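# this one's sequence-less:
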């Protein structure tokens, strides 16, 4: 099987009048088996809509989507048996305990009793929830809830796992932990399609699609995408910042800049030329330079570049 | 199919956990119908008696005292005030301190003893038609029987030792409710109506809560089938509602003294059919609602008419045809006849058949409607 998830011209309108902008517009997406595939985009880009259609929770307006060569509109039940899905909102039973939730999803997914015991222990260990089995899920922390939801989505050992923003609203430590768990899932041969609004998380994926206003802007491995960009990045830290900003605005060859933490990231056409220019200008203005170097392009730079390009178009 | 039953059992187990996880709600669910029955039982089933009456007896004769005595002995009236004039009676009626007033003019005794017609004036507060009609009927009956008595006395006195018999004496015997206690008629009906309200409340949120909670989205991606989910949602509540049936019937019998003339087993079996349909109706509502608020409104839309259209207070036969046929759309209409039949008349399965089969059909139709209307999509 060349691709385990495939969509063709997938389109979704929410309002019945087709004049409104679609939530998804002719999306073509291909996910290879065993891949960790990232769907990145800001809020309202259509990530949830796309995942819901793939999870057979929602029907597309037009176009097609296949999972494991099964059609989401025609063979939803066959797909459901092979699919794990974790919606964006907490979707476990708040008044049931960790163990009861796991058992419920194991039973309803038809996991045989003999297998259940070991599978649930495995998942509890995997999600490090073994000490909390009796706690009601409403009393879990945000990170633990997400881990439990992940465990519930995995209880029937699906081939495909769809995760809708699993790390939104989770503290940085739990975020790291969740990504470590996803890496483990990938090692077990599961195909994972995960959506996230965080560009840094996209770096961890094998393949990334950037979704913006219902359209896929670009697809590729993070490395490829970063190499494709027609600019370099220069990172500067200098005081006073007022002067730094003024210099950044005036220097030729600086396409745009943005503040990241205590420094500025400048997109430049040619770093070899801009670096000395910057240094000279800053010194002339009496700024105190502590960092001035070329930096690696990250997904965030790619994303901002593409979105700005989109916005510039009529 | 075996997989299906297993999944249904899983839903049942989960629903059961929800029920027992919330003991406070469970306590309310169990106690509330009984409280409603006690409260509404008194409100609805009070027979009209001891209507407060003011008497202005200006005649002060044996004849006038006989009339007043007869009115009080009837049990319908209680002399709470005495008055000196018609105006005083009217004032008290205006103030609402009395519901009826009797004015006996000065010449009443003389007219009666001299063989004329003694005229009295009776006032009735007509604002509550039930009380007014009862009072009117009572006062007419009492004055007639008093007249009879006086006539007989007169005849006997003049007719030299002859005994007078009334020419016609119609004897009425009431079957099923010999003392004509309103309680006996209304309590079984009230039991049925309360159960209708209860069952709708129990399941109206069944699906829509999962929708609002977001758990439905997770449930959709499981292999659970529509019928498994619907049945799994209904079954645990059958147990809860069955406790309600047992408790309300018991309170009717013990507290209100409405004894069960018929078979308790039959009542239990037919209750089960009713509960299945009525809980199913709740699930159906839940199915078509997008929010719990909508479900609540839709459920009340069924609850309110069940008090009036099912024939709890007024016989359905006298209703205009719209109301009459609308009653057939409520499962409680059938159940009410069945409960009354069994408790009051001791009716058996075959006597009640005309009410049983439509109720059974209703239950099955509602169940399949909710199965087919549930879409495994958001």
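Yep, that arrived. Model, not experiment: these values are computed from the prediction.
# quick one: low-confidence parts of chain B?
B:45-46, B:159-162, B:177-181 (pLDDT under 70).
# again but with chain A, I slipped
Checking chain A against pLDDT under 70 turns up A:1, A:16-19, A:314.
# ok, which residues in it are in contact with chain B?
Applying CB under 8 Å from any CB of the partner chain, we find that chain A lies next to chain B at A:52, A:55-59, A:76-77, A:80-81, A:83, A:85, A:87, A:89-96, A:100, A:104-105, A:107-110, A:152. C-beta: built from backbone N, CA, C; applies to glycine.
# for the residue in the stretch 1-150 of chain B positioned nearest to chain A, helix, strand, or coil?
Per CB to the nearest CB, residue B:10 is where the stretch 1-150 of chain B lies closest to chain A, at 4.0 Å. Three-state assignment for residue B:10 (DSSP: H, G, I helix; E, B strand; the rest coil): helix.
# That one: how many residues sit nearby?
22 (other CB atoms under 10 Å in any protein chain shown).
# that older thread, please indicate which of the residues of chain A next to chain B are buried?
Buried members of the residues of chain A next to chain B, counted by 16 or more other CB atoms under 10 Å in any protein chain shown: A:52, A:55-58, A:76, A:80, A:83, A:85, A:87, A:90-94, A:96, A:100, A:104-105, A:107-109, A:152.
# Check which element follows the helix or strand hosting residue B:326 along the chain.
Residue B:326 is part of helix B:321-327, with elements assigned from DSSP states H and E. Scanning forward in sequence from helix B:321-327 by DSSP H and E, the next helix or strand is helix B:331-340.
# so where do the strands sit in chain B?
Ranges of strands within chain B are B:51-57, B:77-82, B:100-104, B:121-124, based on DSSP state E.
# buried sites along the helix holding residue B:326?
B:326-327.
# What are the contacting residues of that helix?
B:305, B:308-311, B:316-317, B:319, B:333 (CB atoms under 8 Å, 6 or more residues apart in numbering or on different chains).
# of all those residues, which comes closest to chain A?
residue B:305 (33.8 Å).
# Who are the contact partners of that closest one?
The contact partners of residue B:305, by CB under 8 Å, 6+ apart, come to B:326, B:330.
# ok, the closest residue to the residue of the stretch 1-150 of chain B closest to chain A other than its chain neighbours - contacts?
If the residues on either side of it in the chain are set aside, residue B:10 comes closest to residue A:107, at 4.0 Å by CB to CB, 6 or more residues apart in numbering or on different chains. Neighbouring residues of residue A:107 by CB under 8 Å, 6+ apart: A:116, B:6-7, B:10, B:13.
# one more time with 10 Å, if that's ok
Contacts for residue A:107 were tallied using CB atoms under 10 Å, 6 or more residues apart in numbering or on different chains; they are A:113, A:116, A:155, B:6-7, B:9-11, B:13-14, B:222.
# about what we covered before: please narrow the residues of chain A next to chain B to those residing in helices.
If you go by DSSP state H, the residues of chain A next to chain B have A:52, A:76-77, A:80-81, A:100, A:104-105, A:107-108, A:152 in helices.
# ok, how many other residues are close to the residue of the stretch 251-378 of chain B found nearest chain A?
Taking CB to the nearest CB, chain A has its nearest neighbour within the stretch 251-378 of chain B at residue B:378, 5.2 Å off. By the criterion of other CB under 10 Å, residue B:378 has 14 neighbours.
# and if you look at residue B:51?
Neighbour tally, residue B:51, other CB under 10 Å: 22.
# Ok, the one 10 residues further on next?
A count of nearby residues for residue B:61, using other CB under 10 Å, gives 18.
# what sits up against the top helix by length along chain A?
Longest helix in chain A, counting residues (DSSP H): helix A:172-187. By CB under 10 Å, 6+ apart, the list of residues contacting helix A:172-187 from outside reads A:34-36, A:84, A:126-128, A:141-147, A:150-151, A:153-154, A:158, A:161, A:163, A:166-171, A:190-192, A:194, A:196, A:198, A:200-201, A:204-206.
# Can you flag which of those residues belong to strands?
A:36, A:84, A:161, A:163, A:191-192, A:194, A:196.
# any chance of the residues you listed in CSV, with neighbour count and distance to residue A:244 too?
What follows is the ones in strands among the contacts of helix A:172-187, written out as CSV (neighbours: other CB atoms under 10 Å in any protein chain shown; distance: CB to CB, whole Å):
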residue, neighbour count, distance to residue A:244
A:36, 21, 38
A:84, 26, 48
A:161, 22, 45
A:163, 25, 40
A:191, 23, 45
A:192, 22, 41
A:194, 26, 37
A:196, 24, 31
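# Compute the number of surrounding residues for residue 141.
Just so you know, I chose chain A. 12.
# That was the other one, I meant chain B.
For residue B:141, the neighbour count with other CB under 10 Å is 13.
# The spatially closest residue to it that is not a sequence neighbour and residue B:222: what is the separation?
Excluding its sequence neighbours, the residue lying closest to residue B:141 (CB to CB, 6+ apart) is residue B:74, at 7.6 Å. Using CB to CB, to the nearest Å, residue B:74 is found at 70 Å from residue B:222.
# For PyMOL, write a command that selects the buried ones of the contacts of helix A:172-187.
Applying 16+ other CB under 10 Å to the contacts of helix A:172-187 leaves a buried subset, and the PyMOL line that selects it is:
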select buried, chain A and resi 35+36+84+126+127+143+144+145+146+147+150+151+153+154+158+161+163+166+167+168+170+190+191+192+194+196+201+204+205
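# So which residues of the stretch 1-150 of chain B form helices?
B:2-21, B:23-44, B:62-73, B:86-95, B:108-113, B:129-158 (DSSP state H, counting those that start in this stretch).
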